[in-house]
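Student: I would like the atomic coordinates for the input below:
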Amino acid sequence: AVRRIVNFVMPDGELEQQATGRWVHAKSGRVYHTKFKQPKGYDGTAETLLDDETGDPLVQRTGDEPAGFARRLNHYHDDINPVLEYYARQRPPLI
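Tutor: This is a model prediction of the structure:
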């Protein structure tokens, strides 16, 4: 039986910043972030999003691009809200 539900709340803007700033070196899988783990030569422009070891251009996963992330976030809210509402209606509330 479910006894308690924990709902971690984070502002959508912070989630967006985390996801849309993520860039990847396709061959190795090394992950960089435009704010938290920048490539060495990054100066804020797309041309300088290069892998530290090879100099190859970094790529952004489709789901991390702004439009892709917006779709993911909308799907998340569409899926999670009914679940949270269900558990909030239980007696005693489980959230």
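Student: Phi, psi for G13 please.
Tutor: Note on G13: backbone dihedrals following degrees, to the nearest 10 are phi -60, psi -40.
Student: Tell me how many other residues crowd it.
Tutor: 8 (other Cβ atoms under 10 Å). Just so you know, the C-beta spots here come from the backbone N, C-alpha and C atoms, and that holds for glycine as well.
Student: The chain should start at 547 in everything you say after this.
Tutor: In the new count, where the first residue is 547, that last one comes out as G559.
Student: Tell me how many other residues crowd V570.
Tutor: For V570, the neighbour count with other Cβ under 10 Å is 16.
Student: mind checking how far it is from I626?
Tutor: Here V570 is placed at a distance of 26 Å from I626 (Cβ to Cβ, to the nearest Å).
Student: same deal with T580?
Tutor: 27 Å.
Student: repeat for D598
Tutor: Going from D598 to I626 by Cβ to Cβ gives 37 Å.
Student: Can you name the residues bridging to the closest residue to A572 other than its chain neighbours?
Tutor: Once flanking residues are discounted, A572 sits nearest to V605: 5.1 Å by Cβ to Cβ, 6 or more residues apart in numbering. On the basis of DSSP bridges, V605 is bridged to V570.
Student: which stretches of this protein form helices?
Tutor: 558-566, 612-635 (DSSP state H).
Student: Looking at these, spot the one closest to V548.
Tutor: Set against V548 and scored by Cβ to Cβ, those come closest in helix 612-635, at 7.5 Å.
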